[in-house]
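A.B. asks: Quick one, fold the following:
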Amino acid sequence: MKNIKVPREKGFIFVNPELSQWYSILAENKVVNDTILKRSQYCNELINIAKVYTQNLLGLIAPDISRQNIISTGHQPIWHHCGIWSKDVVAHKFAQSVDGIGLHLVLDHDICDTSMVLPVKRYDESWSFKKIEIEPDDTNKDVSLEFRPIPKKEYISTFLKKVSDEKNNHICNDIWFDNILCINENIFSLITIADFITYLQAIINSALKLDNLYLPVSRLCSSNAFKSFALSIIDDAENFALYYNQGINLLCHKNGHSRRNNVKCLEVNKDSNLIELPFWLVSEAGQRSSLWIKSKPGYIEIGTKDKVLGNIDSSSWDNKIAQLQELLDGNNFKLRPKAITLTLFVRLFLADIFIHGIGAKSYEPVTDYILENYCKKRLLKYGIVTSTMNLPLQNENNCLRNSMSLLKNKKHELKYNPEKYIDKSTLDTEPVASLLKVKKQKIAQSQDQLLPADIRKSAWRSISQINLELCSYTEDTVEKLESLISYSKKEITTNKVIGYREFFFGLFPEEELCGLINSFNRRNYDWYENIRAH
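C.D. replies: Numbers count the residues shown, from 1 in each chain. Modelled structure (predicted):
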């Protein structure tokens, strides 16, 4: 995990471990899953929630698949680039090969930027980035996506038109225009911005025959499965926090880096018996606070670090789910998992194989540690999937002709040594010759440590004034240099745009997306046939 990096090679899907090993991994994970109490019950509940959501989202009847091999992945509902999208490709294709279900978790409980970045061609044939906002203002940008409402119909239409207007300037997926611009009116019955972005991506996937189910984390958290999972951690908070922190400390020690914000240790105050847990309490305004609990004889206090929301009876398990829900509803709070808690829950109770991107290396080893040492389960293995693709943007001069550092050095030299850029025939004429003579004298004075400091400072001021006067004889050179710097900046930006791997996958030509899907099929055809034989 530590050595996995974004692949430089373009046009294929990077998979780790090798895809030929995944069937064995699935079989191994299934053996462990069979030992997890109530897993089948919880999994069925979650899949039914996903089926209902997907049906409402796309207006389609979700397939009834009896064999519950769940191949799951997920991401925030932002404009997925091809590296993220390739996880959906593999989830669907691998699930097909084992008669299973591909499922995409929609992390709508997160805080994200929902704007779309597009490539725009300038009048001089260079390229630049253009950001298009889908939400009308910035008032909700620090709020969880599930609490940010879907924009009004007029704003959605304006957003889609802005994207479509760029088609004349760059290659764009015809599926986007064939489907997105003819969106069904029932899209406006969707509730949140997360639903809307998920819908737009789901209909493109559906057109590409990638028919995964979709499950928002906000709906996952409404399940009895998730509430039971959260309560089991609340009941055993001190012990869980101990293993959680041990996993993070071990990860930081192995990787030789300080704790990152998304994997920081939980706070445990033994004097006050207060324990932080890896869940969010989200207010009705969408503001997030860490969950804190305090165990007392017969009950557990639930709240934020500064405020107790209520108590849960700890003497028995009966009605605990109802108690927790009543406590949350009474205070207008939602309970949501943090990153490690989410993947822990999904790998235990939902996914037979979970597919991560390469970003998982920053926290998923902690989940592994908790699974093995706290849950006492043999390691549940997962896959890493990503890809790198660039839009086929036209550019005749895609290599830098001038080094920006060299140009900046020249600009610096022009300011402090303008005489180097004055025409030789001018150097011997007045007043240039006299200015250079005085400058030489002042440089000698400024460097003479035997002279008083005020005289040396005065010499430096004189040198600066002389340089300003000499610069009047280099105006043509300065103008040409500024022009070169401006052009080089455009060259740099153009190369960044052309090499940018994070453009929305829906902007790519359909044949390139299908090519990536088909290359996956071709490379693993024999392997698929072998699996079907089993």
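A.B. asks: what bits of the protein have low per-residue confidence?
C.D. replies: 1-3, 60-67, 138-139, 166-188, 253-262, 395-404, 520-534 (pLDDT under 70).
A.B. asks: distance of residue 286 from residue 508?
C.D. replies: Using CB to CB, to the nearest Å, one gets 33 Å for the distance from residue 286 to residue 508. (C-beta placed from N, C-alpha, C; glycine too.)
A.B. asks: more neighbours, the two?
C.D. replies: The residue with more neighbours, out of residue 286 and residue 508 and counting by other CB atoms under 10 Å, is residue 508; that gives 24 against 17.
A.B. asks: Just want the phi and psi numbers for the more buried one.
C.D. replies: Dihedral angles of residue 508 (phi, psi; degrees, to the nearest 10) stand at phi -80, psi 150.
A.B. asks: That one against residue 82, yeah?
C.D. replies: Yes. Using CB atoms under 8 Å as the test, residue 508 is close enough to residue 82 to be in contact (6.9 Å).
A.B. asks: quick one: the helices in the stretch 251-400 of the chain?
C.D. replies: Along the stretch 251-400 of the chain, counting by DSSP state H, counting those that start in this stretch, helices occupy 320-330, 339-349, 364-373.
A.B. asks: Does anything pack onto the second one? Which helices or strands?
C.D. replies: Counting contacts by 3 or more CB pairs under 8 Å, 6 or more residues apart in numbering; DSSP states H and E, helix 339-349 packs against helix 39-58, helix 224-235, strand 274-283, strand 353-356, helix 364-373.
A.B. asks: Residue 19: which of these is closest?
C.D. replies: strand 353-356 (11.1 Å; CB to CB).
A.B. asks: Would you mind giving the secondary structure of residue 405?
C.D. replies: For residue 405, the secondary structure call by DSSP: H, G, I helix; E, B strand; the rest coil comes out as helix.
A.B. asks: what's the distance between it and residue 412?
C.D. replies: From residue 405 over to residue 412 the distance is 10 Å, taken as CB to CB.
A.B. asks: for residue 59, same thing?
C.D. replies: If you go by CB to CB, the gap between residue 59 and residue 412 works out to 62 Å.
A.B. asks: same question, residue 18
C.D. replies: According to CB to CB, residue 18 stands 52 Å off from residue 412.
A.B. asks: Equivalent analysis for residue 289, please.
C.D. replies: Taken as CB to CB, the span from residue 289 to residue 412 is 50 Å.
A.B. asks: what do you get for residue 5?
C.D. replies: When CB to CB is the yardstick, residue 5 and residue 412 sit 35 Å from each other.
A.B. asks: cool, and residue 119?
C.D. replies: In this view, residue 119 and residue 412 are 33 Å apart by CB to CB.
A.B. asks: if you count what's nearby, which of those two comes out ahead?
C.D. replies: More neighbours sit around residue 119 than around the other of residue 119 and residue 412, counting by other CB under 10 Å; the figures are 22 against 10.
A.B. asks: Just say helix, strand or coil for that one.
C.D. replies: In the three-state summary, residue 119 is assigned as strand, counting by three-state DSSP.
A.B. asks: so it makes contact with residue 132?
C.D. replies: No. Between residue 119 and residue 132 there is no contact, the gap being 11.7 Å when judged by CB under 8 Å.
A.B. asks: Which residues does stretch 299-319 contact?
C.D. replies: When contacts are taken as CB atoms under 8 Å, 6 or more residues apart in numbering, the neighbours of stretch 299-319 outside the stretch itself are 231, 234-235, 274, 276, 281, 289-295, 298, 320, 323-324, 327-328, 330-331, 333.
A.B. asks: one more time with 10 Å, if that's ok
C.D. replies: Judged by CB atoms under 10 Å, 6 or more residues apart in numbering, the contacts made with stretch 299-319 from elsewhere in the structure are 228, 231-232, 234-235, 237, 267, 269, 273-277, 281, 283, 288-298, 320-321, 323-324, 326-328, 330-333, 335.
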